[in-house]
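need coordinates for the below:
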Amino acid sequence: MKLLLLIVTTVLLPIFAEAQFDPNWAYIDKSTADSLKRSLLTEKNDTVLMATNRSIGFYYQETKLDSALYYHKKQIELSKKLGLKMWLADAYSQAGYLLYFKGNILGGYDYFKQAEALAKDEKNEKSNWHYWVFSNSKSLREARLSILAMNYNGLGILLQNMGELEKGKEAMEEMRRLGEIMANGKILSTYYGNTTRQLSIDSAIQYSKKAIQYSDAANYKINRGNDLNALSRQFLRKNKIDSALHYAYLSAAAGEEQKSLRALTATYATLAFIQATINKNPDSALYYSRKIFSIAETTQTANDFRSAYFALAKVFALKKNADSALLYEQLYSNLSDSLNNDQIKQLTEFQKSAFAAQLELKKVNDEKTAYQNKITLYGILGALAAVCIVALILFRNNRQKQKSNKDLESTLSNLKSTQSQLIQSEKMASLGELTAGIAHEIQNPLNFVNNFSEVSNELIDEMNTELDKGDINEAKAIAEDVKQNLEKINHHGKRADAIVKGMLQHSRSSSGVKEPTDINALCDEYLRLSYHGLRAKDKSFNATMKTDFDNSIGNINIIPQDIGRVVLNLLTNAFYVVDEKMKTGVQNYEPTVSISTKKVGDKVEIKVTDNGNGIPQNVLEKIFQPFFTTKPTGQGTGLGLSLGYDIITKGHGGELSVETVEKEGSTFTISLPI
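Predicted structure coming up:
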């Protein structure tokens, strides 16, 4: 029961970030919103237009995300024109929240960071029109800090959901610190309500109660529905059903009072689950499930539809309506797959963006270092000139030679350091290629673990029922089924563990020590990971994969991290060239990449073959040179084949060669001594 409740709290009842500011600070009803929209057609004053767009944007935040985003972008445009920096920070923060909620992670992150930069600058407090609308602030400083604190709320939740747990926690703690400085109950209520998911059950209950206490003291009701629903979920995890129902009903009442559709979606999901799974009341469960679906039709939000499909599938299964249950289960599964794939793509793009930012920072630092070195070089040259004059006068040639030798040693040391940095950059680039493939590969065993866990939980309930009846034989049969499920869970858990260990092995620095390695398993693993990595970035990409492994090879002594990087680079290049050829529209073309191993005398050959366009002869002589690449700017470092050549020839005493026919394809061959 506890395991099933844990699954439900993570799948059925997702909590999303609340709006960055309380809509009641600029709340309008439908008739007022319609009137304001009409006034936009005739109003000439830009400051009034800016405030009007902000109010209409808040009005649509619960129902029409696209419309809300449109009006807040208008607020951005006008606040830029007017030079009102605090209004601009507020507009960026609101637009960032909406982009995040729509699934545009990078866009939301960019807006949050722009809002942070503006709100952190004290100079932007000056001469801001009607600053009191921001949290009913009593001063320009309090208005700026209120915007900054609530922006940290959105930024923190975004970072945590993208796996940046420490950075997300830092943002949330900064929000709490600012709330305490201003003694702002609205900010503190939002902080305690949005930090429960990383806590134990008892701590989460205490945080939810604190959120409610702060909201009561500040007469801040917008988050009450979510806070009460969070309490309901925690008591559900403790198996205290009466308390869970009590807070769920209070949450529903609060959500309806505040017209908070997102809070109502989560609350109705809680009530539907309790009625369907615990109370076995299909009619009540169906009632709440249809309410979720009605909200989804209003918001047109994918996550709301997913919650509705999940609840309806469970209800119809309980009512033994197999057709309807299967229909909604399929709708839920298809939508979940789409959202999961989008999440993987967003995560990959987020990591690539972060890595690009690191490269840009490195470039700036390198330019700064180069400038300093240039100045230093001029100084050294001047000093050397003076020394030479002194040397001619004093005949101290020997002393000057020793000093020159020391300078050469320092330069050599700097060159080695630069080489190490370039190698690390290439390793990070290859790790980025693996990320999406790893996410796809690990999803399958995790799905098996979750499914067999849920089935085992239900079997335990059935076994307890049979034991109560005194039917020992049936109970034993069910126990045997549970045992088989646990064995499957263990098998797929080890599979996920192996995938993660493989990624960690790829990411860590090479020890330089050779060890017995199954070369066939290594090649097969990197073939699938490189393919799925490209599929995650471009869903339209497809290619045929072929393998031909010599099972007589067994284990050979290699440095697995280094050989894995070379194989990954060759496979990624192969998939890239067949995809480029496919995009040219060649008739009846089937993109194909194959990898094979073969024992030839005292050597093992690994061949990576593609049927792309081949390599032109004028390029063939340059492909193993450092920094040479045929890919567009930004898509290749030009180090992959160069470093791979060094790993094979210098690190393993082998050979790396290529055979190519223009318009037909290429074959790269790695030859390693056994």
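
ok, which stretches of the stretch 551-674 of the chain are helices?
560-583, 617-620, 640-646, 652 (DSSP state H, counting those that start in this stretch).

make CSV out of those helices and add distance to Glu256.
In this view, the C-beta of every residue, glycine as well, is placed from N, C-alpha and C. Below are these laid out as CSV (distance: least, C-beta to C-beta, whole Å):
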stretch, distance to Glu256
helix 560-583, 52
helix 617-620, 68
helix 640-646, 58
helix 652, 69
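
and the ones you listed as TSV, adding mean neighbour count?
TSV is the format used below for the helices of the stretch 551-674 of the chain (neighbours: other C-beta atoms under 10 Å):
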stretch	mean neighbour count
helix 560-583	22
helix 617-620	11
helix 640-646	21
helix 652	21
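
got those as CSV, with mean pLDDT columns?
Below are the helices of the stretch 551-674 of the chain laid out as CSV (pLDDT from 0 to 100):
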stretch, mean pLDDT
helix 560-583, 88
helix 617-620, 80
helix 640-646, 77
helix 652, 84
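
nearest to Leu41, of those?
Smallest distance to Leu41 across these (C-beta to C-beta): 46.0 Å, for helix 560-583.

name the helices or strands packed onto the closest one?
helix 397-469, helix 472-507, strand 515-518, helix 519-537, strand 592-600, strand 603-610, helix 640-646, strand 665-673 (3 or more C-beta pairs under 8 Å, 6 or more residues apart in numbering; DSSP states H and E).

contacts for whichever strand or helix holds Ala119, please.
Remark: Ala119 resides in helix 105-120, with elements defined by DSSP states H and E. With C-beta atoms under 8 Å, 6 or more residues apart in numbering as the test, helix 105-120 has contacts from 85-86, 88-90, 92-93, 95-101, 124, 144-145, 147-148, 151-152, 154-155, 158, 162, 346-347, 349-350, 353.

mind listing what's buried in it?
Neighbour counts over helix 105-120 (16 or more other C-beta atoms under 10 Å) mark Ile105, Gly107, Gly108, Tyr109, Asp110, Tyr111, Phe112, Gln114, Ala115, Glu116, Leu118, Ala119 as buried.

now that helix: how far from the chain's centre is it?
Distance of helix 105-120 from the chain centroid (C-alpha atoms, centre = their mean, to the nearest Å) equals 17 Å.

kindly format the C-alpha coordinates of it as CSV.
What follows is helix 105-120 as a C-alpha-only set of coordinates in CSV (Å, rounded to 0.1, in the frame of the first residue of the first chain):
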residue,chain,number,x,y,z
ILE,A,105,12.3,25.4,-20.3
LEU,A,106,15.1,27.4,-22.0
GLY,A,107,12.8,30.3,-22.8
GLY,A,108,11.5,30.4,-19.2
TYR,A,109,15.1,30.2,-17.8
ASP,A,110,16.3,33.1,-20.0
TYR,A,111,13.4,35.3,-18.9
PHE,A,112,14.0,34.4,-15.2
LYS,A,113,17.7,35.3,-15.5
GLN,A,114,16.9,38.6,-17.2
ALA,A,115,14.4,39.4,-14.4
GLU,A,116,17.0,38.5,-11.8
ALA,A,117,19.6,40.8,-13.3
LEU,A,118,17.2,43.7,-13.3
ALA,A,119,15.8,43.2,-9.9
LYS,A,120,19.2,42.7,-8.2
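
need the next SSE after that helix, C-terminal direction.
Beyond helix 105-120 toward the C-terminal end (DSSP H and E), the next one is helix 140-161.

what helices and strands are in contact with that next one?
helix 85-102, helix 105-120, helix 165-182, helix 185-193.

distance to Val315 and mean pLDDT added to the ones you listed, as a markdown table?
Output for the helices and strands packed on helix 140-161, formatted as a markdown table (distance: least, C-beta to C-beta, whole Å; pLDDT from 0 to 100):
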| stretch | distance to Val315 | mean pLDDT |
| --- | --- | --- |
| helix 85-102 | 27 | 90 |
| helix 105-120 | 32 | 91 |
| helix 165-182 | 35 | 90 |
| helix 185-193 | 29 | 87 |
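
how about those helices, which one is nearest Lys537?
Closest among the helices and strands packed on helix 140-161, once you apply C-beta to C-beta, is helix 105-120, at 13.7 Å.
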